[in-house]
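*Asks:* structure, please.
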Amino acid sequence: MENFVLYNPVKLHFGIDVINDLGKTIALYGKRVLLVYGKNSIKENGIYNEIITQLKSINAEVFEYGGIKPNPIVDDVDAAAKFGRNNNVEVVLAVGGGSVIDSAKIISISIPVSHSAWDFFSGLRKPIVAIPLITILTIAATGTEMNAFAVIQNHKARQKIGWGHPLCFPKYSFLNPKYTISVRYENTAYGISDMIAHCLEAYFGKGDASLSDRITIAIMKEAIDNGSMLLKDLKNYELREKIMYAATLALNGITMGGRSGGDWAVHDIGHTFSLLFDIPHGASLTLAYPAWMKLMKKRIPQDISKLGKNLFDVNTTDETIIKFEEFFKWMGCPVRLEDVGLSIENKKQILDTMIRNKVTGFHHKLNNEDLSDIIDFMIE
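*Replies:* Reported below is the predicted structural model:
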């Protein structure tokens, strides 16, 4: 096993009506609240009204910043931070999925400073203090509600980067599975693929960690088994509950013990597709993971075949990859470039962007030829 440190200070409220504790939780930190959210879905499905009722119960003064994009950009983060700074907010309340909460994490450390949030991502600055962050999750996918990481893109720099800092941990996160029932089929499927990808990134990390592997495989089986049922019954609260819990566990640190932090090359590959073509994050991962496994099947055949045996009861690397592709396709997720309207004509642009963004992986290092081969596997 690799040496490791597990630390997670997030207090998680999980279940029906946990929102009833929101008002008194906000009041622990102040009453000037920056409310951050995406589009108008939280107003259409009633979540917004429940939140405002809680905020009114403590006489909070609310400053709203809406419109965070699905692939969040640093421009919105900087604008929201300036808005919060000018209004002397005391608490950041993020309501949404991974894009909103990731943005809010960086907003919380950017409000106390005057420079761009991108300075944190580029390594020019380090955060010193953060405005307390409270989150309300509305889609099960990224696990951001219980970790200290965020992914933001900068179109001027032509980069999409993941970055984290202990100050970015939310103080409290509220997870009511009822809030995910209105999530449409496509986004539910992308969320399931995202949590599976998080588990795979941990599984393929450096180190011999049998207990962590068992935990990781159990989370993936939960996602595959219950996800398959949920996609046939989107209004099922009990299935939404199970998937929401699985997504949180997939990236709250529990799978990382003894694994030296995971690999994460596939996420970097996926970020390239989101940056260039605005492809949803979950879709970019189903596009990338089978191709990455095809490259790796001669390098780590035992790891891949062991995974296939535990998840699908198959014995070989090829059978394992086929099973992943079949499951992703069954959900309606892409596994080839043509599935997202791309072709070999886009290869140079994709490869150049991967190289410029230093896509390599932490454990199984990729060189430029490897990246080219991975793109070819997405074409064949």
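*Asks:* can you tell me the SS state at the spatially most central residue of the chain?
*Replies:* In the chain, the residue lying closest to the centroid (CA atoms, centre = their mean) is T142, at 2.7 Å. Per DSSP: H, G, I helix; E, B strand; the rest coil, the local secondary structure of T142 is coil.
*Asks:* from the contact counts, what lies against the biggest helix by length in the chain?
*Replies:* Determined from DSSP state H, the single longest helix within the chain is helix 210-230. Helices and strands touching helix 210-230, by 3 or more CB pairs under 8 Å, 6 or more residues apart in numbering; DSSP states H and E, are helix 185-203, helix 237-250, helix 301-312, helix 317-331. Any C-beta I mention is one placed from the backbone N, CA and C, and that applies to glycine too.
*Asks:* and the helix or strand of the chain with the lowest mean pLDDT, what's buried?
*Replies:* Least confident helix or strand, the chain: helix 41-44 with a mean of 91, by mean pLDDT, DSSP states H and E. For helix 41-44, the neighbour count (16 or more other CB atoms under 10 Å) marks 41-42 as buried.
*Asks:* downstream of it, the next helix or strand is which one?
*Replies:* For helix 41-44, the following helix or strand on the C-terminal side (DSSP states H and E) is helix 47-56.
*Asks:* G205 contacts T255, doesn't it?
*Replies:* No - counting by CB atoms under 8 Å, G205 stays clear of T255, with 9.0 Å between them.
*Asks:* the two - which one has more neighbours?
*Replies:* Set side by side, G205 and T255 show more neighbours around T255, with 28 against 24, by other CB atoms under 10 Å.
*Asks:* who touches the residue lying closest to that one once chain neighbours are set aside in this structure?
*Replies:* In space, and not counting its chain neighbours, T255 is closest to A202: 4.0 Å by CB to CB, 6 or more residues apart in numbering. Shown in contact with A202 (CB atoms under 8 Å, 6 or more residues apart in numbering): 212, 216, 255-256, 259, 262.
*Asks:* of these, just the buried ones, PyMOL syntax please.
*Replies:* Those of the contacts of A202 that count as buried under 16+ other CB under 10 Å are selected in PyMOL with:
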select buried, resi 212+216+255+256+259+262
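*Asks:* any chance of the contacts of A202 in TSV, with pLDDT too?
*Replies:* What follows is the contacts of A202, written out as TSV (pLDDT from 0 to 100):
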residue	pLDDT
S212	96
T216	97
T255	97
M256	94
R259	89
G262	92
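*Asks:* what is the least confident helix or strand of the chain packed up against?
*Replies:* Contact here means 3+ CB pairs under 8 Å, 6+ apart; on that basis helix 41-44 packs against helix 47-56.
*Asks:* in the helix it packs on, what's buried?
*Replies:* Using 16+ other CB under 10 Å as the test for burial, helix 47-56 gives 47-48, 50-51, 54-55.
*Asks:* CA-only coordinates of that helix in CSV, if you can.
*Replies:* C-alpha atoms of helix 47-56 as CSV (Å, rounded to 0.1, in the frame of the first residue of the first chain):
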residue,chain,number,x,y,z
ILE,A,47,-36.3,23.9,-4.7
TYR,A,48,-35.7,27.7,-4.8
ASN,A,49,-38.9,28.4,-2.9
GLU,A,50,-37.9,25.9,-0.1
ILE,A,51,-34.5,27.5,0.2
ILE,A,52,-35.9,31.1,0.3
THR,A,53,-38.3,30.0,3.0
GLN,A,54,-35.4,28.8,5.1
LEU,A,55,-33.4,32.0,4.5
LYS,A,56,-36.4,34.1,5.4
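*Asks:* packing partners for that helix?
*Replies:* Applying 3+ CB pairs under 8 Å, 6+ apart, one finds that helix 47-56 contacts helix 22-26, strand 32-37, helix 41-44, strand 91-96.
*Asks:* count the residues that sit near Y7.
*Replies:* Other residues near Y7 come to 8 when the count uses other CB under 10 Å.
*Asks:* what does T180 give?
*Replies:* For T180, using other CB under 10 Å, the count is 25.
*Asks:* again with M354
*Replies:* Neighbours of M354 using other CB under 10 Å come to 25.
*Asks:* that one and V266 touch, don't they?
*Replies:* No - look at M354 against V266 with CB under 8 Å: they stay out of range, at 11.8 Å.
*Asks:* ok so, going back, out of the helices and strands packed on helix 210-230, nearest to I106?
*Replies:* Nearest to I106, of all the helices and strands packed on helix 210-230, is helix 185-203, at 19.5 Å by CB to CB.
*Asks:* and E380, what does it touch?
*Replies:* E380 neighbours (CB under 8 Å, 6+ apart): R336.
*Asks:* and the gap between it and P301?
*Replies:* Going from E380 to P301 by CB to CB, to the nearest Å gives 20 Å.
*Asks:* can I get the contacts of A202 in TSV with distance to D76?
*Replies:* Formatted as TSV, the contacts of A202 follow (distance: CB to CB, whole Å):
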residue	distance to D76
S212	35
T216	33
T255	30
M256	29
R259	33
G262	28
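*Asks:* may I have the secondary structure class of L342?
*Replies:* Classification of L342 by three-state DSSP places it in coil.
*Asks:* that one: neighbouring residues, count only.
*Replies:* Neighbour count of L342, defined by other CB under 10 Å: 22.
*Asks:* now the residue of the chain positioned farthest from its centre, nearest residue through space, not along the chain?
*Replies:* Using CA atoms, centre = their mean, the residue of the chain lying farthest from its centre is N59. It sits 33.0 Å away. Spatial nearest neighbour of N59, chain neighbours left out: K31 (6.4 Å); criterion: CB to CB, 6+ apart.
*Asks:* contact partners for that neighbour?
*Replies:* 58-61, 90-91.
*Asks:* and those, which are buried?
*Replies:* Neighbour-count burial within the contacts of K31 applies to 60, 90-91; the criterion is 16+ other CB under 10 Å.
*Asks:* need those residues in JSON lines (columns: distance to N310).
*Replies:* Below are the buried ones among the contacts of K31 laid out as JSON lines (distance: CB to CB, whole Å):
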{"residue": "A60", "distance to N310": "48"}
{"residue": "E90", "distance to N310": "47"}
{"residue": "V91", "distance to N310": "43"}
